[in-house]
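> Build the 3D model from these lines:
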Amino acid sequence: MKSKSKSVSPERRNFLTGVAAAGGAAALAVSHAAPLLDDKDSASLPADEPAEQKTYHLTDHIRDYYRSLR
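From the prediction side, this is the model:
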C-alpha cells in the first residue's frame with residue numbers, strides 16, 4: 001500500500017495556528033482573572049440560609065435507581 005501525502009494549504013495552517021493562539025490567550029486571561037474573583041458571592045449569602053451541600057448524598061430517586069439494577 002502506498003500512502004498518499006496531501007499538502008496542507010497555508011490558509012488552513014494559519015487558521016489552526018490562530019485557533020491555538022486564541023485558546024492560549026483565553027486560558028491566560030482566565031488564569032490571571034482568578035485572583036480577582038475572591039469569593040464575593042459567599043459573603044452576600046444571608047446567615048440564616050445554610051450553604052449548599054456539595055458532597056454526595058443518597059436521595060429517594062437514587063435509591064430507586066440502585067434498586068432497579070438488582
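> By mean pLDDT, which helix or strand of this structure comes out lowest?
helix 40-43 (a mean of 54; mean pLDDT, DSSP states H and E).
> so for the helix or strand just after it, what's the average pLDDT?
Per DSSP states H and E, the first helix or strand lying C-terminal to helix 40-43 is helix 60-68. Averaging the model's pLDDT scores along helix 60-68 yields 92.
> helices or strands up against helix 60-68?
Contact partners of helix 60-68 among helices and strands, from 3 or more C-beta pairs under 8 Å, 6 or more residues apart in numbering; DSSP states H and E: none. Just so you know, the C-beta spots here come from the backbone N, C-alpha and C atoms, and that holds for glycine as well.
> tally of neighbours for Lys54?
If you count neighbours by other C-beta atoms under 10 Å, Lys54 ends up with 6.
> how much space between it and Tyr66?
21 Å (C-beta to C-beta, to the nearest Å).
> go on, Ala33?
For Ala33 relative to Tyr66 (C-beta to C-beta), the value is 41 Å.
> Ala29 and Gly23, how far apart?
Going from Ala29 to Gly23 by C-beta to C-beta gives 11 Å.
> Hmm, I typed the wrong one, I wanted Tyr66.
From Tyr66 to Gly23 the distance is 40 Å (C-beta to C-beta).
> Longest helix in this protein, please.
When the chain is parsed with DSSP state H, its longest helix is helix 10-33.
> how about that helix: buried residues?
Neighbour counts over helix 10-33 (16 or more other C-beta atoms under 10 Å) mark no residue as buried.
> hmm, who's touching that helix?
By C-beta atoms under 8 Å, 6 or more residues apart in numbering, the list of residues contacting helix 10-33 from outside is empty.
> go with 10 Å
7-9 (C-beta atoms under 10 Å, 6 or more residues apart in numbering).
> All good on my end, thank you.
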